[in-house]
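Novice: predicted model follows, preceded by the sequence.
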Amino acid sequence: MIIDAYDFDGTLIKDDSIKLFSKWVCDSRIEFFYLYYSFYFSFKTFTKLKFTRVSFFFNLMKKKGKNIYDFHSVLNKSLFCDSLNILESDGVPKIVISASFDEIIGSYCREVLGVKVISNKLSRIELDVNYEYKVIVLKKDFGESISVRKAFGNSEGDFDLLKKAKFGFFRTKEGKINRWIDSTTK
């Protein structure tokens, strides 16, 4: 199977979806800063911190009676203006593979962007879909014969995915998309 694969945070949207989600859940900046950053000193590993933080804010969202579909407007505002163009259908399945969470970006990717999404899930804490695990999860979901035609990323966490692709593209901090060149093979 041939696919095109896309990172989400920093590649399709300008920001970090977990941080955007956490801000959206909070009623004030003070509440956000207090709650978001108070977790930093409680955990020794980033992965445990990330899963615990998202779980906390997801439960807080439900407690406050907020609907995840209302969060879609926040993601729309953060979408890079060319993201819909690079996601345009040309017969090759498009898949977002992200270290964010299905509970945060899943419905947006499937229903607004019209693409399949592979991401972390609060029910699956044993595996952080990032770095080499992006490729591992792709192979697990689609088989060893998966072929990535194009891959888009913006950080070191996407390098394994970009290496696997026939054509890799890297979004810079300024938002420009460049052809990715693997500097580790020189």
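Specialist: Yep, it's here.
Novice: and this structure, what are its domains?
Specialist: 2-15+72-185, 17-68 (automatic domain parsing).
Novice: and what about Leu35, helix, strand or coil?
Specialist: helix (DSSP: H, G, I helix; E, B strand; the rest coil).
Novice: give the residue spans of the chain that score low on pLDDT.
Specialist: 40-47, 183-186 (pLDDT under 70).
Novice: quick revisit: reformat the domains of the chain as a markdown table; add mean neighbour count.
Specialist: Bear in mind the C-beta positions are built from the backbone N, C-alpha and C, glycine included. Shown next, in a markdown table, are the domains of the chain (neighbours: other C-beta atoms under 10 Å):
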| stretch | mean neighbour count |
| --- | --- |
| domain 2-15+72-185 | 17 |
| domain 17-68 | 15 |
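Novice: quick check: longest helix of the protein.
Specialist: Assignment by DSSP state H gives helix 46-63 as the longest helix of the chain.
Novice: alpha carbons of it, as CSV, please.
Specialist: Taking C-alpha atoms only, helix 46-63 is exported to CSV below (Å, rounded to 0.1, in the frame of the first residue of the first chain):
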residue,chain,number,x,y,z
PHE,A,46,8.1,13.4,29.5
THR,A,47,5.9,10.6,28.1
LYS,A,48,4.2,10.1,31.5
LEU,A,49,3.8,13.8,31.9
LYS,A,50,2.3,14.2,28.4
PHE,A,51,-0.3,11.4,28.9
THR,A,52,-1.2,12.6,32.4
ARG,A,53,-1.6,16.2,31.3
VAL,A,54,-3.8,15.3,28.4
SER,A,55,-5.9,13.0,30.5
PHE,A,56,-6.3,15.7,33.1
PHE,A,57,-7.4,18.4,30.6
PHE,A,58,-9.6,16.0,28.7
ASN,A,59,-11.5,15.1,32.0
LEU,A,60,-11.6,18.8,32.8
MET,A,61,-13.2,19.5,29.4
LYS,A,62,-15.9,17.0,30.2
LYS,A,63,-16.4,18.3,33.7
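Novice: can I get the helix or strand following that helix as PDB, trimmed to CA atoms?
Specialist: On the C-terminal side of helix 46-63, the nearest following helix or strand under DSSP states H and E is helix 68-78. Extracted in PDB, the C-alpha atoms of helix 68-78 (Å, rounded to 0.1, in the frame of the first residue of the first chain):
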ATOM      1  CA  ILE A  68     -14.500  18.800  21.400                       C
ATOM      2  CA  TYR A  69     -16.200  19.900  18.200                       C
ATOM      3  CA  ASP A  70     -16.000  23.500  19.400                       C
ATOM      4  CA  PHE A  71     -12.200  23.100  19.600                       C
ATOM      5  CA  HIS A  72     -12.200  22.600  15.800                       C
ATOM      6  CA  SER A  73     -12.400  26.400  15.300                       C
ATOM      7  CA  VAL A  74      -9.200  26.800  17.400                       C
ATOM      8  CA  LEU A  75      -7.400  24.300  15.100                       C
ATOM      9  CA  ASN A  76      -8.800  26.000  12.000                       C
ATOM     10  CA  LYS A  77      -7.200  29.300  13.200                       C
ATOM     11  CA  SER A  78      -3.800  27.600  13.600                       C
END
